[in-house]
Each structure stands twice: as C-alpha cells, then as structure tokens.
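Q: model the structure of this input:
(chains A and B)
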Number of protein chains: 2
Amino acid sequence: MPTFSDEFFMREALRLAAEAGEQGEIPVGAVVVYQQKIIGRGFNQTIALNDPTAHAEMIAITTATNFIGSRYLNECTLYVTLEPCVMCAGACFWAMLQKIVYGASDEKNGCGKVGSALFHPKTEVVSGVIAEESSALLKSFFKKLRK
Amino acid sequence: MPTFSDEFFMREALRLAAEAGEQGEIPVGAVVVYQQKIIGRGFNQTIALNDPTAHAEMIAITTATNFIGSRYLNECTLYVTLEPCVMCAGACFWAMLQKIVYGASDEKNGCGKVGSALFHPKTEVVSGVIAEESSALLKSFFKKLRK
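A: Numbers count the residues shown, from 1 in each chain, chains lettered A, B, ... in the order given. Got it, this is the predicted structure:
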C-alpha cells in the first residue's frame, strides 16, 4: 500500500482497536493526522476509565488538540475504525476536522441513524476504508463475550 | 426555595457558568446529582484546555462516573444551564442519566435542532429551569465579547 494513504493510517487505527479488544473494551481505534504525521491516538477505554465519554475518537481528538495547541483541527484528518456515534460526531463538529475517514458502518449506534448530518458542513467524510477487517474484529469480540 | 429542588441545584450550575464567563469561556455550567448530593461539577473550559470536548456537561459527567465508579449514571440527574449540544446529548445517552434538567434553550447549537430525540429513551428531560438568568448571562457575555 502507498505510504500515507488512507489505508496506511487506518491500519494504525485498527492496531489500536485490537489493543482495546485485548483489554476487554469494544475494539474501536482512532488516529488524528496532521501533515502526514499522527498527532493523536485513542482507543475505546470506557470500562477502564469508568467514563462513558472515553471513546476512541474523543481521546484521539483531545490528544491532537493538546498537541496542536488549538481546539480546532481544521487541517487534520481523523481515522476511526467504526462509524462515529452521535457524541463523537458532535465532537468532530466542534473540532471542525478537515476530513473524517471511517471503516465499518454502525447501524445501531452510528450517527447516520440520526436524520440530518451531524458533521460540520466543511468536513469531508469518507467511509468503508478497510471496513471488513474492522467489522470482523468487532464481530469476533462480541462472539467471545457471549460465550 | 425548597432545599434540593431543581432550582437549588440549577443555582449551583449557574454559579459555575458565571465562573466560566469570568475566565473568558462561554458561560455554561453543570452539576450531576446523586441522592441529593452533587457528585460532579463542570463548566465550559474549551479555551483553557484547548479541547473542543471540554463542555460543562462532559466534565461533570466524567467527574461523576469517576466518583460513582461506574460509567452509568442511571440514578443521577444532570443540571446544565444551557440546552446540551449534539456531543453532550450523545454523552448523556451513553451515561443513561435518570433525568436531565436544563435552563435556556439553544436554537443554534442545541440538540433539539436535530430531528429525532438524541437522549436515552429512559431519560426524563425537563427544560426552562431558571432559563432567563442563564440566557441573560450568555447574552451579556457575548455583548462584552463583541466590544
């Protein structure tokens, strides 16, 4: 795969998702990229942190804005393995991300279930990048959980 | 006013909102209440923390879940001076709050602008508590800012 492609950065988000799964968290991972560098990483930590807001995207965004020294990420791209939920879509709106790339769709809790678009109108949104692997990781996690 | 009424706790949220305003942040404040005790406080700190997710509700919820030791607040009430935005409504959904009480409506960024209800179906929502004072605080803040 070409260096610095969407697939390249999504691979790192997927690695983080797997790390979440190993820790017993729903396996979702995210990275924020600025000028081809990863400036924020996050994976789902709601159980470990006792915090319903500790989704992968939230942690990656907070880390990135802290790094940049601004609360806006209008020159950054967020890569996340699963379609953002309503909360995370709202956070993406406030961060005014340049671009959002997500993997698998989330029919149950994805922001797409809400009628109107929740992302910032200036944000470009790309979906379906390495979606099958992200989806397989989630399915395998929930299958183990049910056992 | 009776002790432990909605007005009683909203007064504390308003005090926090004023504190935000004094620090140059948009004046919004929030508290989370469990068994008539405040277990989480927050005010808007997006500028101070360089963090677009640092809304009053998010900070109050994270503090409360940390205190409770669970990521669910299904026996708690959130008091917030302004109608929650999409992000905060999403956080309230995940926290499964028993009740949300807010003050002023937010026509521009309130979650009500989104077609379908974003809160958890089990969450009771009350609006308009000490709304005029919350609204006046915000108007006065933006008036000063424009000068």
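
Q: which positions in chain A make contact with chain B?
A: Neighbours of chain B within chain A, by C-beta under 8 Å from any C-beta of the partner chain: A:46-47, A:49-53, A:58, A:61-62, A:65-66, A:68-73, A:85-91, A:93-95, A:114-116, A:118. Placement of C-beta: from N, CA and C, glycine included.

Q: among those, which are in strands?
A: In strands, defined here by DSSP state E, there are no members of the residues of chain A next to chain B.

Q: please check those residues and keep the buried ones.
A: Burial by neighbour count, 16 or more other C-beta atoms under 10 Å in any protein chain shown: within the residues of chain A next to chain B this picks out A:46, A:49-53, A:58, A:61-62, A:65, A:68, A:71, A:73, A:85-91, A:93-95, A:114, A:118.

Q: how about low-confidence regions in chain A?
A: Along chain A, segments meeting pLDDT under 70 span A:1-2, A:116.

Q: what segments of it are helices?
A: With DSSP state H as the criterion, chain A has helices at A:6-22, A:56-68, A:86-95, A:131-146.

Q: to B:G103, which of these lies closest?
A: Taking C-beta to C-beta, helix A:86-95 is the member of these nearest to B:G103, at 19.5 Å.

Q: among the helices of chain A, pick out the one with the most neighbours on average.
A: With neighbours defined as mean count of other C-beta atoms under 10 Å in any protein chain shown, the helices of chain A peak in mean count at helix A:86-95, which reaches a mean of 27.

Q: and that helix, what other elements does it pack with?
A: helix A:56-68, strand A:76-82, helix B:86-95 (3 or more C-beta pairs under 8 Å, 6 or more residues apart in numbering or on different chains; DSSP states H and E).

Q: now do it: distance to the chain's middle.
A: Centroid separation for helix A:86-95 versus its chain: 11 Å, with C-alpha atoms, centre = their mean, to the nearest Å.

Q: that helix vs helix B:56-68, what angle?
A: Put simply, helix A:86-95 runs at 130 degrees to helix B:56-68, going by axes from the mean of the first three to the mean of the last three C-alpha atoms, to 10 degrees.

Q: which residues touch helix A:86-95?
A: Helix A:86-95 has contacts (C-beta atoms under 8 Å, 6 or more residues apart in numbering or on different chains) with A:53, A:55, A:57-58, A:61, A:65, A:71-73, A:76, A:78, A:80, A:84, A:100, A:109, A:111, A:114, A:118-120, A:123, B:46, B:52-53, B:85-91, B:93-94, B:118.

Q: identify the bridge partners of A:Y79.
A: Beta bridges link A:Y79 to A:V31, A:V101 when assigned by DSSP bridges.

Q: ugh, wrong one, I meant A:F43
A: For A:F43, the beta-bridge partners are A:G29 (DSSP bridges).

Q: list the contacts of the residue nearest in space to the middle of chain A.
A: Centroid-nearest residue in chain A: A:V80, 2.5 Å away (criterion: C-alpha atoms, centre = their mean). Contacts for A:V80 (C-beta under 8 Å, 6+ apart) come out as A:13, A:28-30, A:56-57, A:60, A:88, A:100-103.

Q: list the contacts for the closest residue to A:R15 other than its chain neighbours?
A: Leaving aside its sequence neighbours, A:R15 sits nearest to A:G29 (C-beta to C-beta, 6 or more residues apart in numbering or on different chains; 6.8 Å). Listed by C-beta under 8 Å, 6+ apart, the contact set of A:G29 reads A:12-20, A:41-44, A:56, A:80-81.

Q: pull the most distant pair out of those residues.
A: Farthest pair in those, by C-beta to C-beta: A:E12 and A:N44, 15.2 Å.

Q: ok, and what's touching stretch A:57-66?
A: Residues outside stretch A:57-66 that contact it (C-beta under 8 Å, 6+ apart) are A:30-32, A:34, A:39-43, A:45, A:71-73, A:76, A:78, A:80, A:84, A:87-88, A:91-92, A:95, B:49-53.

Q: how much space between A:T123 and A:E19?
A: The gap separating A:T123 from A:E19 is 27 Å, by C-beta to C-beta, to the nearest Å.
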